[in-house]
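Q: Sharing a sequence plus its predicted fold:
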There are 2 protein chains.
Amino acid sequence: MTKIYNFCAGPAMLPEAVMQQAQSEFCNWQGSGVSVMEVSHRSPEYVAMAKQAELDLRELMAIPDNYKVLFCHGGGRGQFAAVPFNLLGDKLDADYILTGQWSKSAVVEAKKHARIHETNIMRTTEDGKIGVKSSDDWNVNAGSAYVHYCPNETIEGIEIFDVPETGVVPLVADMSSTILSRPIDVSKFGVIYAGAQKNIGPSGLSIVIVRDDLIGHARQTIPSIFDYQVQTDFDSMYNTPPTYSWYLAGLVFKWLLAQGGIAAVEKNNIAKAELLYNAIDSSSFYSNNVDASVRSRMNIPFTLADDSLNETFLSESKAAGLVTLKGHKLVGGMRASIYNAMPIEGVQALVDFMAVFEKKYA
Amino acid sequence: MTKIYNFCAGPAMLPEAVMQQAQSEFCNWQGSGVSVMEVSHRSPEYVAMAKQAELDLRELMAIPDNYKVLFCHGGGRGQFAAVPFNLLGDKLDADYILTGQWSKSAVVEAKKHARIHETNIMRTTEDGKIGVKSSDDWNVNAGSAYVHYCPNETIEGIEIFDVPETGVVPLVADMSSTILSRPIDVSKFGVIYAGAQKNIGPSGLSIVIVRDDLIGHARQTIPSIFDYQVQTDFDSMYNTPPTYSWYLAGLVFKWLLAQGGIAAVEKNNIAKAELLYNAIDSSSFYSNNVDASVRSRMNIPFTLADDSLNETFLSESKAAGLVTLKGHKLVGGMRASIYNAMPIEGVQALVDFMAVFEKKYA
């Protein structure tokens, strides 16, 4: 059958080698005769695997020793709630930087708990593109418990590469769609969290990287499964964790290490993104409306010169094995999500298809 | 290799036929060329599968139309928090019935939000067994927002088969380890919830069955992913659900229907439990300390006459393909969890092994 390249924004494709290994040992993990999803999370074999996954993630991201790594239930939206519960303590204020839909959604949850100071840093550039103000223009309130932002907005296709300086106010980042795609200086953050279903593994898992001193100040009514102190005390096994997602995340981390780690992965991601942006920019048929300085390497929205061709583009690309290219309904057009697991051959296949399509219909 | 029978209390074994189907279509779901865990939860194919899973569960449990079925993140412990957040509303009181460790753990979470009236209904029978008081002796406060209990305690091996009468106060049940093992009259409950990792599917998913009129009264600070109103409005897709767990749950529901539904499954569960309890009761070497009226069909703890043989029992049973029989540390001895997926052949193999072991060491 036709080779399938899956451009879904999430749940996203996983590395082919990971999926093949997982399939081969699906009913017989480590020679146990049972599936990894059927073993106790407290068994020595599972605990060893889980711990190794954490160590591999620590190596990949060079996570300093004064940060805890938690494997949690609830996805990114769970952390939208967990962050204010954990970090506000006695404070009443928090800062949220707005760059798109996901950062706006985080605000909705935080407003249940705090006075939220919203700073919209989206702007229109001189040539009419979507841009973002420099982080020097962020007005962070010194009394805020934390500053929250989303460095990669999957819907708009915006990515902020510089880490803003927020002084003593802890910086919290929703890295769901950019984690592990490029090196990050973890020491600049108070909390980094990510839903798994883009660059980590299947949905149902979220990973939280939290600085020691921010743990232990949660508000009294926090659900225990969200409490960073509780999850730290129990090595993320206060409740039965999403064991299969954790296992697959571990396989993905091993795969990333085998690729040469995050520096090598970033190089590949830059090449993939350049390939697609160059194809878009060199055509008058396709366009992307994001300023070059903040274009996402992971999620690349583009429109066709003639919207009435959208359905034809989607059906013909699908027939060519290029699936889930429909843009988010808020933006329209197309979107190619090209996370770590997407090989450059997939992006090349898309670029080739786009050229043929343009020739046929432009 | 030796046939493995896995007696883990959870994450538990899944039906062999389900696991084989899942393995065969792991990388190519419905001929799509990609895994079900790699497709968008908003794709028509995934939504159709998810909806069918709900319909199959409704059929299996004969869930009335005035109940919503929600597929949530966070497992059973997530619902320990979600229940008070959703049901207390303006009320300050809730009743919790204590029968073991799990009902006690639920109280810890509820105390963050309400005055909890605890009623310990455990008792010692005349012959020194663990018993439970009749539900006529439950002192439910008429002003309570709800009454919570756990009809099957996995650690102690206690199961309450009669549904207590609580008048106008809604009855909430943590059915994690008994759901789908026997017919339940859903209409007697306000909320039924269950972590998936025993009789439903892999960990990471919880299922909530909630009566319409109890939705929409959540306290303001509830995390949105726990809000029954939000999850109802979004068909359990407010956030990306644990898509793979939902899919596997759907396969398990189809398998249960193919077994003849819950009445047939219960018949099998009764036969399995009788086989093991009879083996225990007819021996002076093995014993179970729970009164016959409240013995769990799902989790059967038993002790050896001589505790010093425990390690030998565990190593020899493991060598015979009977794994994860170690009892919970609070109870000691052994525990055989025999959920729906455990075939009677597995229980027979255990009973045969126990007889041989007794002959060898008694």
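A: Received the coordinates, thanks. Note that the structure is a prediction, hence the values are computed from the model and not measured. Numbers count the residues shown, from 1 in each chain, chains lettered A, B, ... in the order given.
Q: Can you name every helix or strand that the biggest helix by length in chain A contacts?
A: When chain A is parsed with DSSP state H, its longest helix is helix A:261-281. Using 3 or more C-beta pairs under 8 Å, 6 or more residues apart in numbering or on different chains; DSSP states H and E, the elements in contact with helix A:261-281 are helix A:44-61, strand A:286-287, strand A:299-304, helix A:344-361. Bear in mind the C-beta positions are built from the backbone N, C-alpha and C, glycine included.
Q: Out of the ones you listed, which is the most enclosed?
A: strand A:299-304 (a mean of 24; mean count of other C-beta atoms under 10 Å in any protein chain shown).
Q: Give me the contact list for that strand.
A: Here strand A:299-304 makes contact (C-beta atoms under 8 Å, 6 or more residues apart in numbering or on different chains) with A:9, A:152-157, A:177, A:273, A:276-277, A:280, A:285-290, A:310, A:313, A:327-328, A:331-338.
Q: just so I know, which of the helices and strands packed on helix A:261-281 lies nearest B:T124?
A: B:T124 lies closest, by C-beta to C-beta, to one member of the helices and strands packed on helix A:261-281: helix A:44-61, at 35.6 Å.
Q: A:I63 in helix, strand or coil?
A: coil (DSSP: H, G, I helix; E, B strand; the rest coil).
Q: And it, its phi and psi?
A: Main-chain torsions, A:I63, degrees, to the nearest 10: phi -80, psi 120.
Q: Quick check: chain neighbours aside, which residue is closest to it?
A: Using C-beta to C-beta, 6 or more residues apart in numbering or on different chains and skipping residues adjacent in sequence, the residue nearest A:I63 is A:V186, 5.2 Å away.
Q: Tell me where the stretch 51-200 of chain A has strands.
A: A:67-72, A:93-98, A:115-120, A:122-124, A:130-132, A:147-149, A:152-153, A:158-159, A:171-174, A:191-195 (DSSP state E, counting those that start in this stretch).
Q: Determine whether any part of the second one lies close to chain B.
A: No. With C-beta under 8 Å from any C-beta of the partner chain as the criterion, chain B is not reached by strand A:93-98; the gap is at least 14.3 Å.
Q: quick one, that strand and strand A:115-120 angle?
A: 20 degrees (axes from the mean of the first three to the mean of the last three C-alpha atoms, to 10 degrees).
Q: Can you list phi and psi of the nearest residue to A:N66 once chain neighbours are set aside for me?
A: Beyond its immediate neighbours in the sequence, the residue positioned closest to A:N66 (C-beta to C-beta, 6+ apart) is A:D212, lying 4.8 Å away. With angles defined as degrees, to the nearest 10, A:D212 sits at phi -40, psi -50.
Q: In contact with the residue of the stretch 251-362 of chain A found nearest chain B, which residues are there?
A: Of all residues in the stretch 251-362 of chain A, A:T324 sits closest to chain B, at 6.2 Å by C-beta to the nearest C-beta. A:T324 makes contact with A:6-9, A:337, B:39-40, B:43, according to C-beta under 8 Å, 6+ apart.
Q: do A:N28 as well
A: A:34-35.
Q: Give me the domain ranges for chain A.
A: Listed domain ranges for chain A are A:5-16+A:260-361, A:17-258 (source: automatic domain parsing).
Q: circling back to that earlier point, let's have the helices and strands packed on helix A:261-281 in JSON lines, adding mean pLDDT.
A: Putting these into JSON lines (pLDDT from 0 to 100) gives the following:
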{"stretch": "helix A:44-61", "mean pLDDT": "98"}
{"stretch": "strand A:286-287", "mean pLDDT": "98"}
{"stretch": "strand A:299-304", "mean pLDDT": "98"}
{"stretch": "helix A:344-361", "mean pLDDT": "98"}
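Q: Generate JSON lines for those, with distance to B:V147 as supplementary columns.
A: Below are the helices and strands packed on helix A:261-281 laid out as JSON lines (distance: least, C-beta to C-beta, whole Å):
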{"stretch": "helix A:44-61", "distance to B:V147": "35"}
{"stretch": "strand A:286-287", "distance to B:V147": "61"}
{"stretch": "strand A:299-304", "distance to B:V147": "48"}
{"stretch": "helix A:344-361", "distance to B:V147": "55"}
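Q: Of those, which is nearest B:T232?
A: Comparing those by C-beta to C-beta, strand A:299-304 comes nearest, at 29.7 Å.
Q: Quickly name whichever of the contacts of A:T324 is closest to B:D306.
A: B:V39 (54.3 Å).
Q: Near chain B, which residues of the stretch 101-250 of chain A? Just list them.
A: A:108-109, A:112-113, A:195, A:197, A:202-205, A:220-226, A:238-245.
Q: Of those, which belong to helices?
A: When these are checked against helices (DSSP H), the matches are A:108-109, A:243-245.
Q: Any of these buried? List them.
A: Neighbour counting by 16 or more other C-beta atoms under 10 Å in any protein chain shown classes A:109, A:243-245 among those as buried.
Q: Centre of the chain to stretch A:178-186, how far?
A: Centroid separation for stretch A:178-186 versus its chain: 10 Å, with C-alpha atoms, centre = their mean, to the nearest Å.
Q: Residues touching that stretch, excluding its own?
A: So stretch A:178-186 is contacted by A:60-64, A:67, A:151-152, A:159, A:161, A:163, A:175, A:192, A:194, A:198-200, A:207, A:209, A:256, A:262-263, A:265-266, A:269, A:296-298, A:339-340 (C-beta under 8 Å, 6+ apart).
Q: Most widely separated two among the contacts of A:T324?
A: Maximum pairwise distance in the contacts of A:T324, criterion C-beta to C-beta, is 13.8 Å, between A:S337 and B:S43.
Q: So for these two, which sits in the more crowded spot?
A: A:S337 (23 against 16; other C-beta atoms under 10 Å in any protein chain shown).
Q: give me the beta-bridge partners of the more buried one?
A: Listed by DSSP bridges, the beta-bridge partners for A:S337 are A:N299.
Q: where does it sit relative to A:L325, distance-wise?
A: Per C-beta to C-beta, to the nearest Å, A:S337 is found 9 Å from A:L325.
Q: joint contacts of those two?
A: A:F7.
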